[in-house]
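In: Only the shape, not the letters, is given here:
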């Protein structure tokens, strides 16, 4: 049989993608656009609305030509890195202006675009639970046509209902706790936790037309509470009297409990004379920030959270999904065209190499090194660190957070940050109190080499 798009068989497809979230739809759509026969298998209806919000920098989405998918876009973007306890006129308590647009995706539009691409490409959207898989023997590269080797090196996927799917490639996009993707144990996993609400308030929690990336002011907390892991407010004006406010912990192992985040959000609002009048939606977010890279030699390809694609320094992933899915899909399709008999292990390796080339593996190690430092900062040093970071030239901090800078550019930004940071931050950066040494060594010997 041909493994480029043809009449879809109920048990044989070129690629099976597991999952029903943004990562799964994104890679399924990209693979289908390459002309591959794809099935998407999720334990729930993949067309069901997504519950969480997804933000992205305006320049990042514009570069992808997807600005039309934003529901909201703000030019008045800022953060607060002062304590808020001193004189409001103190420069340390003034807002840090970011001078970059920030956007919030229209979730239904983003999901709809991927579903439409899947429909155009003939993706079979199935509902079921994958339980296990096995690899059929690889016949090698001696046959002269795909028909001669159509049963070689394939993956047989078993589902909870007893059904089976045979596929050239299995892609696990089931999230941070994947069904099949294996990764090494690198110690405690730090989670970014957040509790937020969309609703109406007695007074605006942020100014009209404003987006607040980080508000670390902590004058609503006692001295004892300030000694606890710091949290910040992420908030935005949604228009027509509606706002989204979210209390967030950057990263911690174990993560800050939702109850603590909710209490802190309520106290922060009350301290500023703001009462919640109506809650339209509650949001609970928890995702790992410092997962190690998966085993890049395994015969199952990962994507999204399953492939450790969360940015360790910012927690963002959607921009990376959109940028990297086409390259992964193109690599898989190119190998199939060049070697129609290629088995699952070969195809998975082609996908892994496209997803995590050496440059990106080194960047991942560098970001994890930085996160290890940030998790150890007490509240005053963390505020000082971010105030210094966002005083870097605009292109430097943006390239760092959007993961668009090269390794030399990232190193240059870190050197400049160290040079301009106050001595308290310098001392924390130089201290070796955790896994920094091992993480630093991954710059020279990244995972998967």
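Out: Happy to help now that I have it. What you see is a predicted model, and the numbers here were worked out from it, not measured in a lab.

In: so where is the stretch 51-200 of the chain shaky, pLDDT-wise?
Out: 85-93, 138-152 (pLDDT under 70).

In: Now stretch 366-385: buried residues?
Out: Buried residues in stretch 366-385, defined by neighbour count with 16 or more other C-beta atoms under 10 Å: 366-375, 377, 379-385. Where C-beta positions appear, they are placed from N, C-alpha and C, glycine not excepted.

In: Any idea how far apart the tips of it sit?
Out: With C-alpha to C-alpha, to the nearest Å as the measure, stretch 366-385 spans 17 Å from end to end.

In: average pLDDT for that stretch?
Out: The average pLDDT within stretch 366-385 is 87.

In: ditto for stretch 424-437
Out: So the average pLDDT for stretch 424-437 ends up being 70.

In: got a list of contacts for the strand or helix carrying residue 119?
Out: Take DSSP states H and E as the rule and residue 119 turns out to sit in helix 107-120. For helix 107-120, the external contacting residues (C-beta atoms under 8 Å, 6 or more residues apart in numbering) are 22, 25-26, 28-29, 32-33, 38, 40, 46-47, 49-50, 52-54, 66, 68-69, 71, 125, 318.

In: Pull out the buried residues from those.
Out: Among the contacts of helix 107-120, those scoring as buried are 22, 25-26, 28-29, 32-33, 38, 40, 46, 53-54, 66, 69, 125, 318 (criterion: 16+ other C-beta under 10 Å).

In: follow-up on the earlier one: what's the distance between the helix holding residue 119 and the middle of its chain?
Out: 19 Å (C-alpha atoms, centre = their mean, to the nearest Å).

In: which parts of that helix are buried?
Out: Those would be 107, 110, 111, 113, 114, 115, 117, 118, for helix 107-120 by 16+ other C-beta under 10 Å.

In: if I look at the third one, how far off is residue 52?
Out: Plainly put, residue 111 is 12 Å away from residue 52 if you go by C-beta to C-beta, to the nearest Å.

In: Closest one of the buried ones among the contacts of helix 107-120 to residue 225?
Out: Each of the buried ones among the contacts of helix 107-120 was checked against residue 225 using C-beta to C-beta; the closest is residue 53, at 27.0 Å.

In: Hmm, the closest one is touching residue 283, no?
Out: Yes. Counting by C-beta atoms under 8 Å, residue 283 is a contact partner of residue 53 at 6.6 Å.

In: Show me whatever sits in contact with both of these two.
Out: residue 196.

In: that older thread, may I ask which two of the buried ones among the contacts of helix 107-120 are separated the most?
Out: Across these, the longest distance by C-beta to C-beta is 27.6 Å; it joins 38 and 53.

In: does residue 228 sit in a helix, a strand or a coil?
Out: The assignment at residue 228 comes out as coil when based on DSSP: H, G, I helix; E, B strand; the rest coil.

In: So what's the residue count around it?
Out: Neighbourhood size, residue 228 [other C-beta atoms under 10 Å]: 14.

In: Might you report the residue contacts of it?
Out: Contacts of residue 228 by C-beta under 8 Å, 6+ apart: none found.

In: Distance of it relative to residue 118?
Out: Applying C-beta to C-beta, the value for residue 228 to residue 118 is 45 Å.

In: before we move on, what about residue 75?
Out: According to C-beta to C-beta, residue 75 and residue 118 sit 34 Å apart.

In: and if you look at residue 172?
Out: Residue 172 sits 18 Å away from residue 118, going by C-beta to C-beta.

In: same deal with residue 309?
Out: Applying C-beta to C-beta to residue 309 and residue 118 gives a distance of 20 Å.

In: any chance you could map the helices in the stretch 201-350 of the chain?
Out: 223-226, 258-271, 318-338, 344-355 (DSSP state H, counting those that start in this stretch).

In: Buried residues, the shortest one. List them.
Out: Of the residues in helix 223-226, those with enough neighbours to count as buried (16+ other C-beta under 10 Å) are residue 225.

In: Which residues does that helix contact?
Out: Helix 223-226 is contacted from outside by 218, 379, using C-beta under 8 Å, 6+ apart.

In: ok now that helix, how far from the chain's centre?
Out: The answer for helix 223-226 is 31 Å, by C-alpha atoms, centre = their mean.

In: next one: stretch 400-419
Out: Here stretch 400-419 shows a centroid-to-chain-centroid distance of 19 Å under the convention C-alpha atoms, centre = their mean.

In: got a list of contacts for it?
Out: Against stretch 400-419 from outside (C-beta under 8 Å, 6+ apart): 57, 59-60, 311, 313-314, 316, 319-320, 359, 362-363, 366-367, 370, 388-389, 392, 396-399, 426, 429, 443.

In: Show me the residue at the heart of this structure, geometrically.
Out: Nearest to the geometric centre of the chain sits residue 317, at 2.4 Å (C-alpha atoms, centre = their mean).

In: quick one, longest strand in this structure?
Out: Counting by DSSP state E, the longest strand found in the chain is strand 276-288.

In: got the angle between that strand and helix 258-271?
Out: 140 degrees (axes from the mean of the first three to the mean of the last three C-alpha atoms, to 10 degrees).

In: Buried residues in strand 276-288, which are they?
Out: 276, 285, 287, 288.

In: likewise stretch 345-362?
Out: Buried, per 16+ other C-beta under 10 Å, within stretch 345-362: 345-352, 354-356, 360-362.

In: Closest to residue 97 out of these?
Out: For the buried residues of stretch 345-362, the nearest to residue 97 is residue 360 (30.7 Å; C-beta to C-beta).
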